[in-house]
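Enquirer: pasted the sequence and its predicted model underneath.
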Amino acid sequence: MDLTDVLAVVGMVSTAAGVGITWWRARAGDRAEFRRRRAAPGVAPGMSVAPPVGALPTQIRGRGRLMRRLRRWLRKPPGVVVVLAGMGGVGKSTTAAALARDSARTRRTGRRSRPVWWVRAADSLSLAGGLASVARQLGAEPADLEAISTGAADGPDRFWELLGNAPSGWLLIFDNADSPAILYGARCDAERSGAQPAGAVGQNGTGWVRPSRRGLTIVTSRDADQETWGSHARLVPLGPLDETDAARALLDLAPEAGDEAEARLLARRLGGLPLALHLAGSYLRSAVVYCPTFTAYAEVLGGDGGLRLLDGSGAPDRSVVTRTWEISLDNLARDGVPQARNLLRLLSCYAADASIPMGLLDGRRLSSLLATGPAGSPLDHSDLLLERGLRGLERVGLIDVGTSGQERALTLHPLIVQTNRMNLGTTTSRDTEPDATLVRQVAAGLVVEALSGLRVDEPADWPRYRMFGVHLHALLGTVADHLDADGLTALLRAIWMTVRALDESGAHDVAERLNRAALAHVPGPDDEAGLCLSHQHAWEVAARGEFGDSERMFLDVAERRARTLGNDHPETLSSRHELAWVAGCQERWVEAEARYDLVLEDRRRVLGEDHFDTLLTRFERGWCIANQERFEEARALLENVLEDRTRVLGEAHQRTVGTRHELAWIAAKQGRLVEAERLYRQVLDDRRRALGDEHLSTLTIHHELAWVLACRGRSKEAATRYARVLDIRRRRLGEDHPDTRATALALDRLGRGLTVDARHLV
């Protein structure tokens, strides 16, 4: 049993009205909080790293020798990473959690408390959140938190430096690391190309997982290849329990369900898989069941009327456990909770082993899936039906209700997700199966709706975009190919908005991976949502400094948009605007200004003077003119833009701050250095407060402030600031990025008594 995603059943659900009302009020509050919460700007998002020990059985059967070895390694770390490897449901997480529980018991015996951290490693976003939480507990500085949570190249070094300075004796568990490349670290080019470097996690020792003699690091994973983990890892394979231990595990959970011989029979039917044993035993110990004995349960497993087993999987253990879960759903239906199956199918459309915010689930939007009437029409009180469905799933251990950050969330075991996805994709005549098309439509619609209230340019919304990014990626694989045209368009547009937000936040690698995945599902070359994704991809290419390739991509999108949408369509105008920008990025300023003039004329006519896009073109036209050294003309234009942006967007909006940045640069170019320094420091404060100290836009201000300081003769102060910017740009952008090269050149020239004028993109 993988404990992180399976909650033990505690008996029949109370039918007392007070209990139900209290539970539902809590859920209603979760949904309201979900809609209004905004993360504090500049704060690295995190998640709980407490080990999930609450539902552990008193005794872990079949793992006695292994537990003794792990306790010995915990007392005296062997200087290797311990990898608990095996198939899903075999008990890797349970074993790790049992060790965490043993470690925590030292508090009750009077010995020194041992730090224990449980980091979910199923995907890069969950990993980043867990690592940030561990780092925060270790007293990390804001720069460390940002580097760790955003996956900067030196993030692993910072993380392990914090651990190296921590008191010895800690236990660090990376759970469900089934894609080991995630643990390699940030900016893995192989991940972009779809290739996973053999041995990358373990062999070079630069990733998130490293050996230490100051504490014990444990990884749970389905990858049992020693080459993957490298020579500093000790691979510990886990398999199913033998018949004796499996029978004892069943008897521990349901001692009244039969004798040892009957328990052995069921244990054989379940293949000794701990997860299946746990679910079957939890069901059998309930007060009211329809298969009350080990023998009856085994007979149902072998019945001809059961759900068709997994096609072509070659894994009878997974087939058996699938039927085990279906028995639980069948009996929930008999208990008056038929909607539980529909909800589980819905939840399986999202990312496996990633938190699903409770507030995402809105009974009104789910009403068509919660119907229990004979005609299949939605009933009233959909919120109550949702509550009962979720309580039922929690009761039989098919979902885990916990917390993620500051909000309540659901998690499912990856094997439960996988098998339910297979059921959803299987043609069946069972009248209990939900309409698969409807399930997929609702799953996509819930996330689209949740994102609709967020703003791409609002830093406080970026953590939520990151959280939903992993689920959008999953939806591309589970529902995208089954949606109608309108549903697919809505999903692709939601992904486009999320990609834009991720790019704005500086998470370019994560954004580009999601964008590339979405582009593979675009129905045609002229699809409107697909053109939005292609447009953003062109921007991402430019952000890497590949302006020639970006320009060709923007030109292609602009031509297709003009042909399909018309020259005056706002999205066509957006592509034309970016063609002006990318010309400026390549210092073709006269051409850029001419393009900006044409776009500005059309945007004023189509959108109006104060529209966000019109203000953007006005601003960038001023940037273009300033770079042609027509400073007074540019200054007058940008002061007007600043006034209008302050009025329309607000003083603290990052576009408004960006306008003040441009005016600071003009002041410096005109030799008004005292004024320029004052303006730059004001902008720097605003950028730090909203974006953090290592955001790429903040680094631009640091670089240009160093330039102003150098111009004022404060060379030592300027050199210190340049050196810091260079270090960060090297690891965030790479040695060959234009911004990195610009800082390196400025620092080198400063050492020879020279200054290099600062320039920037907008």
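Expert: In hand now; what should we look at?
Enquirer: all contacts plus neighbour counts: C-alpha atoms, from now on.
Expert: Will do.
Enquirer: now tell me what touches stretch 528-541 from outside.
Expert: Applying Cα atoms under 8 Å, 6 or more residues apart in numbering, the contact partners of stretch 528-541 are 489, 492-493, 496, 499-500, 503, 508, 512, 515-516, 518-519, 522-525, 547, 549-551, 553-554, 557, 561, 571, 575.
Enquirer: can you report how many residues neighbour residue 506?
Expert: Counted with other Cα atoms under 10 Å, the neighbours of residue 506 add up to 18.
Enquirer: got the buried residues for stretch 550-563?
Expert: 550, 551, 553, 554, 555, 556, 557, 558, 559, 560, 561, 562 (16 or more other Cα atoms under 10 Å).
Enquirer: you'd agree the fifth one is up against residue 580?
Expert: Right, the one you point to is residue 555. No. Counting by Cα atoms under 8 Å, residue 555 sits too far from residue 580 to count as a contact (10.5 Å).
Enquirer: strands along this protein, start to end?
Expert: 81-85, 116-120, 170-175, 215-221, 233-237, 356-357, 400-404, 407-411 (DSSP state E).
Enquirer: just to revisit the earlier point, what sits in contact with each of residue 555 and residue 580?
Expert: Common neighbours of residue 555 and residue 580 (Cα under 8 Å, 6+ apart) do not exist.
Enquirer: mind showing which ranges of the stretch 201-350 of the chain have poor pLDDT?
Expert: Low-confidence segments of the stretch 201-350 of the chain (pLDDT under 70): 201-204, 287-288, 302-321, 323-324.
Enquirer: the stretch 651-762 of the chain: helices as residue ranges?
Expert: 654-669, 673-691, 696-711, 715-733, 738-751 (DSSP state H, counting those that start in this stretch).
Enquirer: and the stretch 1-150 of the chain, by the same measure?
Expert: Counting by DSSP H, counting those that start in this stretch, the stretch 1-150 of the chain has helices at residues 17-36, 64-75, 92-104, 124-137, 142-149.
Enquirer: wait, which of those is closest to residue 445?
Expert: helix 17-36 (15.7 Å; Cα to Cα).
Enquirer: residues near residue 57, how many?
Expert: 15.
Enquirer: ok, now how distant is it from residue 95?
Expert: 11 Å (Cα to Cα, to the nearest Å).
Enquirer: distance of the residue nearest to residue 434 when sequence neighbours are not counted relative to residue 678?
Expert: Nearest non-adjacent residue to residue 434, counting by Cα to Cα, 6 or more residues apart in numbering: residue 342, 5.7 Å away. Relative to residue 678, residue 342 is positioned 60 Å away (Cα to Cα).
Enquirer: which one's more surrounded, these two?
Expert: residue 342 (24 against 13).
Enquirer: identify the residues contacting the more buried one.
Expert: Here residue 342 is in contact with 369, 370, 433, 434, 439 (Cα under 8 Å, 6+ apart).
Enquirer: what's the neighbour count on the residue nearest to the second one when sequence neighbours are not counted?
Expert: In this case it means residue 370. Closest residue to residue 370 apart from its sequence neighbours, by Cα to Cα, 6+ apart: residue 339 at 5.2 Å. By the measure other Cα under 10 Å, the count of residues near residue 339 is 26.
Enquirer: need the contact list for residue 339.
Expert: By Cα under 8 Å, 6+ apart, the neighbours of residue 339 are 333, 369, 370, 371, 372, 385, 386, 389.
Enquirer: got those residues as CSV, with neighbour count and distance to residue 682 columns?
Expert: Below are the contacts of residue 339 laid out as CSV (neighbours: other Cα atoms under 10 Å; distance: Cα to Cα, whole Å):
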residue, neighbour count, distance to residue 682
333, 18, 62
369, 26, 53
370, 30, 54
371, 19, 57
372, 18, 60
385, 23, 53
386, 24, 50
389, 24, 53
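Enquirer: how far away is residue 83 from residue 463?
Expert: Applying Cα to Cα to residue 83 and residue 463 gives a distance of 31 Å.
Enquirer: these two - which one has more neighbours?
Expert: Between residue 83 and residue 463, residue 83 has the larger neighbour count (other Cα under 10 Å), namely 25 against 21.
Enquirer: roughly how far apart are the more buried one and residue 270?
Expert: With Cα to Cα as the criterion, residue 83 and residue 270 are 25 Å apart.
Enquirer: try residue 88
Expert: 14 Å.
Enquirer: tell me which of these two has more neighbours.
Expert: residue 270 (27 against 23).
Enquirer: and that one, its phi and psi?
Expert: Backbone geometry at residue 270, expressed as degrees, to the nearest 10, gives phi -90, psi 0.
Enquirer: right, and it touches residue 281 too?
Expert: No. The pair residue 270 / residue 281 is not scored as a contact, 11.1 Å apart, by Cα under 8 Å.
Enquirer: if we can go back for a sec, which residue in the contacts of residue 339 has the weakest pLDDT?
Expert: In terms of pLDDT, the lowest of these is residue 372, showing 53.
Enquirer: contacts only, for residue 636.
Expert: Residue 636 neighbours (Cα under 8 Å, 6+ apart): none.
Enquirer: per-residue pLDDT, residue 545?
Expert: 88.
Enquirer: was I right to think it contacts residue 735?
Expert: No. Residue 545 lies out of contact with residue 735 (Cα under 8 Å); the separation is 11.8 Å.
Enquirer: can you pull the phi/psi pair for the closest residue to residue 97 other than its chain neighbours?
Expert: Closest residue to residue 97 apart from its sequence neighbours, by Cα to Cα, 6+ apart: residue 53 at 5.8 Å. Residue 53 adopts backbone torsions of phi -100, psi 0, taken as degrees, to the nearest 10.
Enquirer: residue 551 versus residue 53, what's the distance?
Expert: 54 Å.
Enquirer: neighbours around residue 365, how many?
Expert: 16.
Enquirer: give the full set of residues in contact with it.
Expert: 442, 446.
Enquirer: any idea how far it lies from residue 472?
Expert: Counting by Cα to Cα - residue 365 and residue 472 are separated by 18 Å.
Enquirer: and residue 453, by the same measure?
Expert: Counting by Cα to Cα - residue 453 and residue 472 are separated by 16 Å.
Enquirer: swap in residue 130?
Expert: From residue 130 to residue 472 the distance is 20 Å (Cα to Cα).
Enquirer: any stretches of the stretch 651-762 of the chain with poor pLDDT?
Expert: Ranges of the stretch 651-762 of the chain meeting pLDDT under 70: none found.
Enquirer: point out where the stretch 351-500 of the chain drops to low pLDDT.
Expert: For the stretch 351-500 of the chain, the ranges with pLDDT under 70 are 353, 372-380, 405, 415, 426-430.
Enquirer: mind listing what the most centrally placed residue in the chain touches?
Expert: Nearest to the mean C-alpha position of the chain, by Cα atoms, centre = their mean, lies residue 125 at 3.3 Å. Residues counted as contacts of residue 125 (Cα under 8 Å, 6+ apart) are 466, 467, 470.
Enquirer: from these, pick the one nearest residue 412.
Expert: Each of the contacts of residue 125 was scored against residue 412 by Cα to Cα, and residue 470 proved nearest at 14.6 Å.
Enquirer: tell me if I'm right that that closest one and residue 355 touch.
Expert: No. Using Cα under 8 Å, residue 470 is not in contact with residue 355; the gap is 9.8 Å.
Enquirer: higher neighbour count, those two?
Expert: residue 355 (25 against 21).
Enquirer: can you give me the distance of that one to residue 347?
Expert: 11 Å.
Enquirer: swap in residue 396?
Expert: 16 Å.
Enquirer: burial check on the residue nearest to residue 97, number of neighbours?
Expert: Neighbour tally, residue 53, other Cα under 10 Å: 18.
Enquirer: one more: residue 594?
Expert: Neighbour tally, residue 594, other Cα under 10 Å: 13.
Enquirer: how about it: what's its closest non-neighbour residue?
Expert: residue 580 (8.0 Å).
Enquirer: wait, what's in contact with that neighbour?
Expert: Counting by Cα under 8 Å, 6+ apart, residue 580 has contacts 591, 592, 593, 594, 595, 596.
Enquirer: noted, bye for now.
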